[in-house]
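Visitor: Return a 3D structure for these sequence lines:
(one chain, ligands or ions: 1)
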Amino acid sequence: MDTIKETKITPADKVLNLEKYIFVELDEQKEKARNEGVDLIDLGIGNPDRPTPKPIIKAAIKSMKDSKSHGYPDFKGKADFQATIKEWMKKRYNVELGSDFTAQAVNGGKEGIAQISLAFTNPGDLNIVPDPYYPVLSRGTWVASGEVYHLPLSEENDFLPDLDSIPKEIAQKAKLLIINYPNNPTGAVAPREFLEKAVNFCIENNILLLSDLAYGEVCYENYRPLSIFSIKGAEDVALEVHTCSKTFNMAGWRVGFVIGKKEFVDVVSAIKINFDYGTSTIMQDAAIAAMKMPHKYIKVTMDEYEQRRNYMVKALQELGWNVKKSNATMYLWLKVPSGRTSKEFCKMVMDKTGVVFTPGVAFGKMSDNYFRVSIVQKEKRLKEAIERLKKANIRYED
Ligand SMILES: Cc1ncc(COP(=O)(O)O)c(C=O)c1O
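Guide: Numbers count the residues shown, from 1 in each chain. Next up is the predicted model:
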């Protein structure tokens, strides 16, 4: 046959229009280096390296053996999951959630953010997201065929978005404002005044505020992040996303929850129900055990991160970087030495030393002059990474 038929089997525009996921490209580079026998020290990923605490594993095994876990799960989250979330919010964030609040169990915070974006965004709608951003914060909108207005985060403004800089017509059109504090990738934290400003901005402009609290427990030196629901008025405009991934070293388990007023959470449930049958009962039981276990299990992980952070901040300062100690997250956000893009710099570092960093551009087009260092390796490996940088004479120069 010499006639070429045009095929209808093409990806949807929402797929074709998606920007390339830079993490896929980075994974390919790492795979290639490993296949060539390079001993990579991967400080690029945000994957907790410590094990899930034993009480959680025990609860999961018990649940797995119980035939009640073998059928389809309770879609929103079973009664004891819902009750434990309310206890947890009171215990950890001093927030009393009333009977008009509910949670939707999700298979990780990433899914929760994507579902919220899908549930509230019509094609052509506009959502506001800071840059740099954890990818799904913008991608959720793009998958929903919406548009994103990116707000720059600058060092001068402590990596908090300047809400006053948002043009009036953007504020009037926007449906969602997404914030993430403690912040990935900058490590920044949000003071109460900023959260109040964000809530008031959303009230004034009739915008839904999505607060991504993935790092709500990854904090040091008596610093405690705030839940958005500790801010007056937030209950009428906000949803908050929580995950077990970082708090309990459960990134591979895939469990978290979205909380907020029932009328908002029900919208998320209405979209999610078309995609799956809900979060496995075994994972819900594991999350219940996690939220109920003594705080000492969380503290050992955070103490270790704190020690690693102290080491890395000092070592990187000695290499010329003006890096400040952040009181939260497992990330350091550093300037790329001038003359290179973030991708070029990180590729050069990997080729010369086997140390992997994430280029800032992976977190947004406005962030190409930064890179992220993730402290999810034992201190011994961090020390080796620093030795390799020194040996290759990689340091910060203007
Ligand atoms: C800012 C932020 N939000 C949400 C998530 C989602 O994590 P998970 O899907 O494992 O709950 C992550 C994971 O790295 C993150 O960094």
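
Visitor: going forward, measure contacts and count neighbours with C-alpha atoms only.
Guide: Fine.

Visitor: Three-state assignment for residue 394, please.
Guide: coil (DSSP: H, G, I helix; E, B strand; the rest coil).

Visitor: From residue 338, how far out is it?
Guide: 12 Å (CA to CA, to the nearest Å).

Visitor: Which one's more surrounded, those two?
Guide: residue 394 (18 against 12; other CA atoms under 10 Å).

Visitor: Pull the residues that contact stretch 174-186.
Guide: 120-121, 125-130, 132-134, 137, 159, 188-190, 202, 206-216, 225, 328-329, 331-333, 363, 372 (CA atoms under 8 Å, 6 or more residues apart in numbering).

Visitor: repeat for stretch 92-103
Guide: Contact with stretch 92-103 is made by 76-77, 82, 85-86, 89-90, 226-227, 229-230, 257-262, 265, as judged by CA under 8 Å, 6+ apart.

Visitor: Among the contacts of stretch 174-186, the buried ones, what's the ChimeraX command?
Guide: A single ChimeraX command selects the buried members of the contacts of stretch 174-186 (16 or more other CA atoms under 10 Å):
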select :120,121,125,126,127,128,129,130,132,133,134,137,159,188,189,190,202,206,207,208,209,210,211,212,213,214,215,216,225,328,329,331,332,333,363,372
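
Visitor: Where strands are concerned, which of the contacts of stretch 174-186 count?
Guide: 126-130, 208-212, 331-333, 372 (DSSP state E).

Visitor: Return the closest of the residues you listed with respect to the ligand.
Guide: The ligand lies nearest to residue 212 out of the ones in strands among the contacts of stretch 174-186, by CA to the nearest ligand atom, at 5.8 Å.

Visitor: Do I have it right that the closest one meets residue 243?
Guide: No - in this structure, residue 212 is not within contact of residue 243 by CA atoms under 8 Å, at 9.2 Å.

Visitor: any common contacting residues for those two?
Guide: With CA under 8 Å, 6+ apart as the test, residue 212 and residue 243 both reach residue 109.

Visitor: For residue 273, list the residues it contacts.
Guide: Residue 273 is in contact with residue 75, counting by CA under 8 Å, 6+ apart.

Visitor: Turn the ones in strands among the contacts of stretch 174-186 into TSV, columns for pLDDT and distance to the ligand.
Guide: Below are those laid out as TSV (pLDDT from 0 to 100; distance: CA to the nearest ligand atom, whole Å):
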residue	pLDDT	distance to the ligand
126	98	20
127	98	17
128	98	15
129	98	12
130	98	12
208	98	17
209	98	15
210	98	11
211	98	9
212	98	6
331	97	10
332	97	13
333	97	13
372	97	12
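
Visitor: Cheers, nothing more for now.
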